[in-house]
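**Student:** Sharing a model that was predicted from the sequence below.
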Amino acid sequence: MRVLYFAWLRERIGVPVEDIETSAETIEDLVLELSNRTPRYKAAFSDLSAVRCALDQNLVSFDTPLGDAREVAFFPPMTGG
Amino acid sequence: MRVLYFAWLRERIGVPVEDIETSAETIEDLVLELSNRTPRYKAAFSDLSAVRCALDQNLVSFDTPLGDAREVAFFPPMTGG
Amino acid sequence: MGVIIQKSAFDVGDQINAFSQNHTKMGAIATFTGIVRDNDNETLKAMEIEHYPGMAEKAISEIVQTAMKRWSLGDALVIHRHGTLEPGEVIMMVATAAIHRKDAFEAAEFLMDYLKSRAPFWKKEITKEAVTWVPSKQNDEDALDRW
Amino acid sequence: MGVIIQKSAFDVGDQINAFSQNHTKMGAIATFTGIVRDNDNETLKAMEIEHYPGMAEKAISEIVQTAMKRWSLGDALVIHRHGTLEPGEVIMMVATAAIHRKDAFEAAEFLMDYLKSRAPFWKKEITKEAVTWVPSKQNDEDALDRW
């Protein structure tokens, strides 16, 4: 599965995109898995209230099952317009 | 005093502007005076709910005293924009 | 602040670009353009717009000044045409510049609502069948209650 | 209906003119333009706009489709830039065409409110003193409650 990071999450983690193998059921599980990798990930996901996520380019909540999605993205609240 | 008419009031009365002598106290008095001139004026002022008036280019109500105003105008409700 | 009453056509895009470039400290520009639209039967030949010279400039200037006081605006512009216009021609435009979008939008809507029933202009529709003065609309009058 | 996400600058006036000329049956065109504005200390050097390619087009298209269903619109256009912009440069614009001004205005405001906090763009301010990600604003989130 492809994981994308944007804005300060991208900067904190240090990569914009990575392909990973995971057996996580939900996005929450995936976040936990990623957080345990390195301190950079832990720091990036330390306050989930400041993080939004999208599954296959749809904004969703963290308890959403990954299902057979191909792409998950993490980013701060959007500031478009 | 100069009297101006716009839109269908101008068409019904037949002139866009005229200079008149009047001793009317208020716009209402002036309307009564004008209405008594000819059937054209009478017809134009027959339904005052469809007429608006301005004194020296300020929208006012019919009971406004003419004072030393130089210009009074009669017209239908405005349709700008 | 600008109020222009004119017979001749004007380029909306050029006006909006010039207006925006004057206000680079303002992050938000809202505009409205009114266009002569054909009726459902496509029989409109022309729209004649009569105005009260002098009072038109005065009334619109007062409306614009009220908007400038009520909202936090950097600038506002109103251009309104009179004379004979064909379907598709631009009748008028409004532009507002503000730091925040809410001010820009609200002021533009306020200006439009007031222009509709408080600016001394009258519209006459010339169709293939008839010549009619456009009646004022109760909902244009009601729109003023919002402010 | 148009959604354009691009890095390059565009001419707002040209876009508005082209959009208006496509919709001569619509009497009302509302537009909004967002411009990079300098901060109070005039120290802004640039604004970097990051976006999520693919999702940006998708999210904005969905917002525009929602607007087209909810209001009586002839058309709607959104152009949003990404990349590095300087103070005074246009970030984005919205245009709506409708028969009635209320639809044009409300739909444009709805689009702006949704773009602010639901379109995947992130802004970074580069000033002489610091580099900062622009925080999301609670009142932008609150603005959605209106719809």
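**Tutor:** That came in fine, so what should we check first? Numbers count the residues shown, from 1 in each chain, chains lettered A, B, ... in the order given.
**Student:** hey, let's count contacts and neighbours off CA atoms from now on
**Tutor:** Noted.
**Student:** State whether residue C:95 is indeed within a strand.
**Tutor:** Yes. Assignment of residue C:95 by DSSP: H, G, I helix; E, B strand; the rest coil places it within a strand.
**Student:** Identify the bridge partners of the spatially closest residue to it that is not a sequence neighbour.
**Tutor:** Once flanking residues are discounted, residue C:95 sits nearest to residue C:31: 4.3 Å by Cα to Cα, 6 or more residues apart in numbering or on different chains. Here residue C:31 shows beta-bridge partners residue C:95, residue D:31, assigned using DSSP bridges.
**Student:** and the gap between residue C:31 and chain B?
**Tutor:** 13 Å (Cα to the nearest Cα, to the nearest Å).
**Student:** Ok, residue C:109 next?
**Tutor:** In terms of Cα to the nearest Cα, residue C:109 sits 11 Å off from chain B.
**Student:** Can you tell me what sits against the helix or strand encompassing that residue?
**Tutor:** Take DSSP states H and E as the rule and residue C:109 turns out to sit in helix C:101-118. Helix C:101-118 has contacts (Cα atoms under 8 Å, 6 or more residues apart in numbering or on different chains) with B:77-81, C:27-32, C:59-60, C:63-64, C:67, C:71-73, C:94-98, C:136, C:140-141, C:143-144, C:147, D:105, D:109.
**Student:** Over to stretch A:42-59?
**Tutor:** Applying Cα under 8 Å, 6+ apart, the external contacts of stretch A:42-59 come out as A:9, A:12-13, A:31, A:34-36, A:60-62, A:66, A:69-77, D:54-55, D:58-59.
**Student:** Apply 7 Å and report the result again.
**Tutor:** With contacts defined as Cα atoms under 7 Å, 6 or more residues apart in numbering or on different chains, stretch A:42-59 is touched by A:9, A:12-13, A:35-36, A:60-62, A:69-77, D:55.
**Student:** Just the buried ones from these, in PyMOL syntax?
**Tutor:** Filtering the contacts of stretch A:42-59 down to the buried ones (16 or more other Cα atoms under 10 Å in any protein chain shown) takes a single PyMOL command:
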select buried, (chain A and resi 9+12+13+35+62+71+72+73+74+75+76+77) or (chain D and resi 55)
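**Student:** burial count for residue C:14?
**Tutor:** Neighbour count for residue C:14, taken as other Cα atoms under 10 Å in any protein chain shown: 16.
**Student:** you'd agree it is in a strand?
**Tutor:** No. Going by three-state DSSP, the assignment for residue C:14 is helix, not a strand.
**Student:** so what's the residue of chain A found nearest chain B scoring on pLDDT?
**Tutor:** The nearest approach of chain A to chain B comes at residue A:81, 28.3 Å away (Cα to the nearest Cα). With respect to pLDDT, residue A:81 scores 93.
**Student:** now for the biggest helix by length in chain A, which elements pack on it?
**Tutor:** In chain A, assigned by DSSP state H, the helix with the most residues is helix A:27-35. Secondary-structure packing of helix A:27-35 (3 or more Cα pairs under 7 Å, 6 or more residues apart in numbering or on different chains; DSSP states H and E): helix A:39-44.
**Student:** Would you mind listing the buried residues in the helix it packs on?
**Tutor:** Neighbour counts over helix A:39-44 (16+ other Cα under 10 Å) mark A:40-42, A:44 as buried.
**Student:** Looking at it now, give me its mean pLDDT.
**Tutor:** The model assigns helix A:39-44 a mean pLDDT of 97.
**Student:** Pull the distance from that helix to the chain's centre.
**Tutor:** 12 Å (Cα atoms, centre = their mean, to the nearest Å).
**Student:** Please write out the alpha-carbon positions of that helix in CSV.
**Tutor:** What follows is helix A:39-44, C-alpha atoms only, in CSV (Å, rounded to 0.1, in the frame of the first residue of the first chain):
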residue,chain,number,x,y,z
PRO,A,39,11.0,8.6,16.7
ARG,A,40,10.3,10.7,13.6
TYR,A,41,7.1,8.8,12.9
LYS,A,42,6.2,8.9,16.6
ALA,A,43,6.6,12.7,16.7
ALA,A,44,4.6,13.1,13.5
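**Student:** I'd like the next helix or strand past that helix.
**Tutor:** Using DSSP H and E, the helix or strand that follows helix A:39-44 in sequence is strand A:52-55.
**Student:** Check whether residue C:133 really touches residue C:124, as I assumed.
**Tutor:** Yes. Judged on Cα atoms under 7 Å, residue C:133 makes contact with residue C:124 at a distance of 4.2 Å.
**Student:** What residues does the residue in chain C that chain D sits nearest to make contact with?
**Tutor:** Residue of chain C nearest chain D, by Cα to the nearest Cα: residue C:13 (3.4 Å). If you count contacts by Cα under 7 Å, 6+ apart, residue C:13 has them with D:13-14, D:16-17.
**Student:** again, but for residue C:27
**Tutor:** By Cα under 7 Å, 6+ apart, the residues touching residue C:27 are C:98-100, D:34-37.
**Student:** what do you get for residue A:74?
**Tutor:** A:4-6, A:51-54 are the contacts of residue A:74 under Cα under 7 Å, 6+ apart.
**Student:** about what we covered before: the residue of chain A closest to chain B contacts residue D:93, doesn't it?
**Tutor:** No. Using Cα under 7 Å as the test, residue A:81 is too far from residue D:93 to be in contact (8.1 Å).
**Student:** shared neighbours of the two, anything?
**Tutor:** residue D:34.
**Student:** burial measure for the residue of chain A found nearest chain C, as a count.
**Tutor:** With Cα to the nearest Cα, the shortest gap between chain A and chain C falls at residue A:81, namely 10.1 Å. For residue A:81, the neighbour count with other Cα under 10 Å is 28.
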